[in-house]
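1. Take this sequence and fold it.
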Amino acid sequence: MNETSGAGTRPAGIDGSQLKGPFPVGEYAAALRTRLRELARVQVFGEVSNLGVRAKAVYFELRDQTGALPCSMWRSDYDRIGVDLENGAQVVLGGGCDYYPGSATSSPSFSFRATGLRVAGEGELLAQIERLRRKLHSEGLFDPQKALRRPALPRAIGVVTGERGKARDDVLAGLRRRGWAGRLVWAFAPVQDRRAAPLITRGLQDLAAVGQVDAIVVARGGGSVMDLMAFSDETLCRTVAMLSVPVIASVGHHTDRTLIDDVASISCSTPTHAAESAVRLHCGDARRAAAAAAGRLERGGRRAVVERARRLTALSRAPAEHVASERRRMHQRVREMRAAGGRRVAVEGEVSQRRLLVLRRQAERLAAVSGREDALAATRARELRRGAAAAAARRARDLERLLLALAAHDPERTLERGFALVERAEGEGEPVTSAAAAREESAVLLRFADGRVGARIEPEESP
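-> This is a model prediction of the structure:
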């Protein structure tokens, strides 16, 4: 390197430093470019990302799991090869390091200058996937998800898919077909390119952290092996295997097989099939069965209520009917006792009259037999008459007391003493026996000894 630069004399270096220089930055940048171009030219492979096609050159990054390399290619070389690169494509590049030193108005940049390019074949990608498949299987990561229990009717389902992809509509169609109306939690993420695998992984972790999600569906439509490479990502597959929520994978078409299909709880051929697998119970059938059971329960309940109401109505009438029956029975007994007392008085009177007649005849015979005994016979006759009269008087008093006792229990006599009986205006003269029952009646009948009169119940005034 020269000791001076176009800008003037080289300044003094750092005190005590053993490093060479200082050199002008442009000179050092040129020397760096020369040294980098002298490095061996090699072939590298990886995934294309951040692709930008310009008029003079093509710029992109080449990435894999452990690093990234900025790459560039002259447009003339790119057009000569005749390929159409896309983000996410696996390619093999041939070239070497290059460095643009920049200037006072432009920034420097390093790139891997490619002079040759080949898109990696599906055979190479499939071999790479197969090696990772054997590795994950040997570690036992295909089994944890298979052991998880999947509810037949989940309360909430998480879905990881593209926001505007057809797979989203297919999942909704499958859930509608099942008649499911639970909670749906979306985690939208890219499903193709280098950003897809990390964002899908994050979406799965976020859904599993919700806590109420019972199953997660990962859905994407079909595509080439290159398009589906994100779903064979090692980090993504390990994350799925370790989740505590069952994952239902539906990536690609019937013939496509990615690594997420192996580690998931179940693999489905289409997003619609995945939705139906997440909801194994047809909600329409269950809803109809529940509706039928609810109808039967409602009808049975209505019958039970009607029967109970009838029973309560019958029980509510029983006290009034019992009182009326007892009243009729007492009236009948009073009439019977009155008739029996009258008959007893008549019979006893007849007996007394016959005895008196017998005594009179005996006295007459005695008087006819012995005149001397007339006075005695008369006296005895008088005594007998007095005794018979006294006995008849006692028996009459006894019967009178019995009649008075019967009359004291006769409801009709109670009415004759000035009392009144309150009866319902409607019905068969059922008595109203309490103030609470009277308040429930708008009108009643007051029964006196000589008849009934109507009365209206007025509401009580508030104090």
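
2. Tell me the helices and strands packed up against the strand or helix carrying Leu404.
-> Under DSSP states H and E, the secondary-structure element containing Leu404 is helix 374-408. Helix 374-408 sits against helix 283-369, with contacts defined as 3 or more CB pairs under 8 Å, 6 or more residues apart in numbering; DSSP states H and E. Every residue, glycine included, has its C-beta placed from N, CA and C.

3. Helix 283-369 and the helix holding Leu404, what's the angle between them?
-> 170 degrees (axes from the mean of the first three to the mean of the last three CA atoms, to 10 degrees).

4. Pull out the buried residues from helix 374-408.
-> Ala377, Ala381, Leu384, Ala388, Ala392, Arg395, Leu402, Leu406 (16 or more other CB atoms under 10 Å).

5. And those, which two are furthest apart?
-> Maximum pairwise distance in the buried residues of helix 374-408, criterion CB to CB, is 42.2 Å, between Ala377 and Leu406.

6. for the closest residue to Leu93 other than its chain neighbours, helix, strand, or coil?
-> Leaving aside its chain neighbours, Leu93 sits nearest to Ala114 (4.4 Å; criterion: CB to CB, 6 or more residues apart in numbering). Three-state assignment for Ala114 (DSSP: H, G, I helix; E, B strand; the rest coil): strand.

7. Arg335 and Gly341: what is the separation?
-> 11 Å (CB to CB, to the nearest Å).

8. between the two, which one's more packed in?
-> Between Arg335 and Gly341, counted using other CB atoms under 10 Å, Gly341 has the larger neighbour count: 16 against 12.

9. Where do the helices of the stretch 101-250 of the chain begin and end?
-> 122-138, 166-178, 196-210, 234-242 (DSSP state H, counting those that start in this stretch).

10. Output those in a markdown table; the columns should cover mean neighbour count, distance to Pro431 and mean pLDDT.
-> Converted to a markdown table, those look like this (neighbours: other CB atoms under 10 Å; distance: least, CB to CB, whole Å; pLDDT from 0 to 100):
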| stretch | mean neighbour count | distance to Pro431 | mean pLDDT |
| --- | --- | --- | --- |
| helix 122-138 | 14 | 92 | 81 |
| helix 166-178 | 18 | 67 | 88 |
| helix 196-210 | 18 | 71 | 89 |
| helix 234-242 | 19 | 84 | 91 |
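
11. would a markdown table of these with distance to Ala278 be doable?
-> Listed next are those as a markdown table, based on distance: least, CB to CB, whole Å:
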| stretch | distance to Ala278 |
| --- | --- |
| helix 122-138 | 24 |
| helix 166-178 | 8 |
| helix 196-210 | 13 |
| helix 234-242 | 15 |
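
12. Quick check: phi and psi on the residue nearest the centre of the chain?
-> The centroid of the chain falls nearest to Arg155 when counting by CA atoms, centre = their mean (9.0 Å). The phi/psi pair for Arg155 (degrees, to the nearest 10) reads phi -80, psi -40.

13. Identify the residues contacting the closest residue to it other than its chain neighbours.
-> Of all residues not flanking Arg155 in the chain, Gly182 sits nearest, at 5.3 Å (CB to CB, 6+ apart). By CB atoms under 8 Å, 6 or more residues apart in numbering, the residues touching Gly182 are Leu153, Pro154, Arg155, Ala156, Ile157.

14. so the first one touches His282, yeah?
-> Going back to what we said before, that points to Leu153. No - Leu153 is not in contact with His282 according to CB atoms under 8 Å; the separation is 9.6 Å.

15. On the three-state scheme, Ala12 is what?
-> Secondary structure, three-state DSSP: Ala12 is coil.

16. What are the buried residues along stretch 221-230?
-> Buried, per 16+ other CB under 10 Å, within stretch 221-230: Gly221, Gly223, Val225, Met226, Asp227, Leu228, Met229, Ala230.

17. Kindly state the pLDDT recorded for the first one?
-> Gly221 carries a pLDDT value of 83.

18. do the fourth one as well
-> We have a pLDDT of 71 for Met226.

19. Report the residue ranges of every domain in the chain.
-> As recorded under automatic domain parsing, the domains making up the chain are 39-120, 141-281, 305-409, 411-463.

20. for the stretch 201-350 of the chain, what are the low-confidence residue spans?
-> The stretch 201-350 of the chain contains residues with pLDDT under 70 at 254, 284-291, 315-318.

21. This completes my enquiry, with thanks.
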